[in-house]
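Asker: Here's a sequence, model it:
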Amino acid sequence: MNLTPLGDRVIVKPKAPEEKTKGGIILPDTAKEKPMEGEVVAVGNGRVDESGKRIAMDLKVGDKVLYGKYSGTEIKINDEEYLIMRESDVYAIIK
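Answerer: Presented below is the predicted three-dimensional model:
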């Protein structure tokens, strides 16, 4: 991927939606929920505060994260779907 986010933005590859329920029922496309977790694939340099000092990012490439259901902007690159969002839209890192 030849994309580098600016400032405090990150690019996340969403996890694929579940195909089946835990009970084994296969879900049609209309019933699949939008995933709220994914993997960080690119990270910006961090935001700049009022005094001009750059604030480092807490996220790094490869982090598994949880984010809000309607967070970010969806983009498609080489038939792959990604989300561009601010670091503050990420709720947690999955360990």
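Asker: only C-alpha atoms for contact and neighbour calcs from this point on.
Answerer: Noted.
Asker: just the strands in this protein please.
Answerer: Counting by DSSP state E, the chain has strands at residues 9-14, 37-43, 47-48, 54-55, 64-67, 73-77, 80-86, 90-94.
Asker: Next up, the contacts around V65.
Answerer: Counting by CA atoms under 8 Å, 6 or more residues apart in numbering, V65 touches 37-40, 90-94.
Asker: change it to 10 Å
Answerer: Shown in contact with V65 (CA atoms under 10 Å, 6 or more residues apart in numbering): 12-15, 36-40, 59, 90-95.
Asker: most surrounded residue in those?
Answerer: Highest neighbour count within these, by other CA atoms under 10 Å: V12, with 27 neighbours.
Asker: residues in contact with that residue?
Answerer: 37-43, 61-65, 67, 72, 74, 81-85, 90.
Asker: That one bridge partners, please.
Answerer: V40, L83 (DSSP bridges).
Asker: Pull out the buried members of the contacts of V12.
Answerer: Using 16 or more other CA atoms under 10 Å as the burial test, the contacts of V12 include 37-43, 63-65, 67, 72, 82-85, 90 as buried.
Asker: Rank the helices and strands of the chain by mean pLDDT and give me the bottom one.
Answerer: The weakest-scoring helix or strand in the chain, judged by mean pLDDT, DSSP states H and E, is strand 47-48 (a mean of 90).
Asker: Any stretches of the protein with poor pLDDT?
Answerer: For the chain, the stretches flagged by pLDDT under 70 are 1, 17-22, 24-35.
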